[in-house]
Each structure stands twice: as structure tokens, then as C-alpha cells.
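K.L.:
sequence and predicted structure are below.
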Amino acid sequence: MKKIKYPDTEMMAMDLANVLAAELMAILNTKERVTLVVPGGTTPGPVFDILCGVPIHWERVNVMLTDERWVPETHARSNTRLLKERLLVDKAATATLIPMYLDFDTPEAALPDLSRLIGPLLPIDVLLLGMGEDMHTASLFAGPDRLADAFDASAPLLMPMRTDGPDEPRVTLTAPVLHGAMTTHVVFTGKSKNKALKAARKLNDPMKAPISAFLKGSTVHWAP
């Protein structure tokens, strides 16, 4: 794991956006299309604001989320909405968005159709992961009923996840899919999350600290 500390979030967003763009351009020199997978949430927003303006061959880029809340994109909590507002604009408007939500009542009902869309685009070329203070990443939380299944070597591409709280169901890429990424970056801000990262490394147990499973070989970007 390589860890980069930035003086502030603005510098981090600029540097990380440039790093992601450079990796995408390098891969586009060797293959016709690339798959970029990114998280939702507030932290990557400033990165997207810069990345969308970088002049690369966006028409050859597939963009996909690591996970999605099971809400329509018009919903305030939709990660897809975030992508459409902050990444798939400007020069990146020509990129292809691969959906993680379809108009079904439950994620289980949509999994076959979503898997057929996602499967041909794997492995992931460039992966950006977020991390919560509880050491989760994507929708891989310590505690949900199927976390062990999501880390199993034979796990499907996608799995629904539900927590004990009132939040809506989610759908997430499973650990084998995320592990298959050619390059992996992790981004977070704040001292509390930096403490969480240190705790995750010490635990080194995906069932207690899911992010720990993806740190080896990754580049971690953080700003206080």
C-alpha cells in the first residue's frame, strides 16, 4: 500500500483526478475501451469536478459505481444522480454510464439484468474506492447478513446488501470483482477516517474491517 497525504482536499482532488486520467489514457493506448469504477458519497465529488474536464477519449470509457442505494436516480441519496451531475458532464459527457439500478421493486429482481450488463466489461481497469469511518467500502459493511458471501471466492458479480438500520437496500460489486481491478485507489478525508484506516490495517480482517481486503497494492489518497 502506498499512502499519499495532501495538505488540503483541493490539492488531493487535483492530483487524484490527474492520476486517474493518466491511467485511463495509458490503458486506452492498449485497448479499445476501459472500465472506470468509482464510489458515491460526498468525498469523490471534487475529484469528479476536475476529472470531467480532462480531455481524454471519454467516448471509449465505461463508468460504473462500486455500489448503489436501491432508489431511483431522481432521489437525493442516489449515487447515480451524483455521477450524472458531477462526472458525466463537460468532456466526460460522452462516457457510457453502466447502470447499477433498474426500475424493479427489489435489487434481487434486477440482478440478472444488471449482471448481464456488467459482466462483459470486467475486469475493472481503474478502481476508486471510498471508505467510511466504520471501515466499510462500497456496500461491504461489517455486520450485514451476507458479508461473508460477498467475500467468497465464488461470489456472483453483484449482491444485495441490507443493514439493520432504516436505510434502503443496496446493491454492491462483490469482493472478487473489486479484487480483480488492474489498479486500485482509495480516497478519504479527515483525521477520523485516517484513524479508521490505521485500525483496519491492524485488524486485517475483512469481516470486521472490509476495506482492509483492498489495501494491498493500492494507493491511498487522504487529506486532513
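P.N.:
Sure, I can see it.
K.L.:
next, the contact list for residue 79, please.
P.N.:
Residue 79 is in contact with 39-41, 65, 67-69, 100, counting by C-beta atoms under 8 Å, 6 or more residues apart in numbering. Every residue, glycine included, has its C-beta placed from N, CA and C.
K.L.:
ok, so of these, who is nearest residue 162?
P.N.:
The shortest distance between residue 162 and any of the contacts of residue 79, using C-beta to C-beta, involves residue 69 and amounts to 11.2 Å.
K.L.:
about what we covered before: most widely separated two among the contacts of residue 79?
P.N.:
Spanning the widest gap among the contacts of residue 79 are 41 and 100, at 13.9 Å by C-beta to C-beta.
K.L.:
settle it for me: which of these two has more neighbours?
P.N.:
Just comparing residue 41 and residue 100: by other C-beta atoms under 10 Å the higher neighbour count belongs to residue 100, 27 against 16.
K.L.:
average pLDDT across the longest strand seen in the chain?
P.N.:
Secondary structure of the chain per DSSP state E: the longest strand is strand 183-189. Mean pLDDT, computed over strand 183-189, is 98.
K.L.:
chain center to the helix or strand just after it: distance?
P.N.:
Next helix or strand after strand 183-189 toward the C-terminus (DSSP states H and E): helix 191-203. On the basis of C-alpha atoms, centre = their mean, to the nearest Å, the separation between the geometric centre of helix 191-203 and that of its chain is 19 Å.
K.L.:
packing partners for helix 191-203?
P.N.:
In terms of contacts (3 or more C-beta pairs under 8 Å, 6 or more residues apart in numbering; DSSP states H and E), helix 191-203 is packed against strand 219-223.
K.L.:
residue 154 sits in which helix or strand?
P.N.:
Taking DSSP H and E as the definition, residue 154 sits outside all helices and strands.
K.L.:
contact partners for it?
P.N.:
Neighbouring residues of residue 154 by C-beta under 8 Å, 6+ apart: residue 176.
K.L.:
gap between it and residue 111?
P.N.:
With distances defined as C-beta to C-beta, to the nearest Å, the gap from residue 154 to residue 111 amounts to 16 Å.
K.L.:
cool, and residue 87?
P.N.:
With C-beta to C-beta as the criterion, residue 87 and residue 111 are 24 Å apart.
K.L.:
those two: which is more packed in?
P.N.:
Of the pair residue 87 and residue 111, residue 87 is the one with more neighbours under other C-beta under 10 Å, namely 23 against 18.
K.L.:
that one - nearest residue in space that isn't next to it in sequence?
P.N.:
Taking C-beta to C-beta, 6 or more residues apart in numbering, and ignoring the residues beside it in sequence, residue 87 has residue 48 as its nearest neighbour in space, at 3.9 Å.
K.L.:
which residues are in contact with residue 204?
P.N.:
Shown here is residue 204, whose contacts under the criterion C-beta under 8 Å, 6+ apart are residue 212.
K.L.:
just the pLDDT at it, thanks.
P.N.:
Residue 204 carries a pLDDT value of 97.
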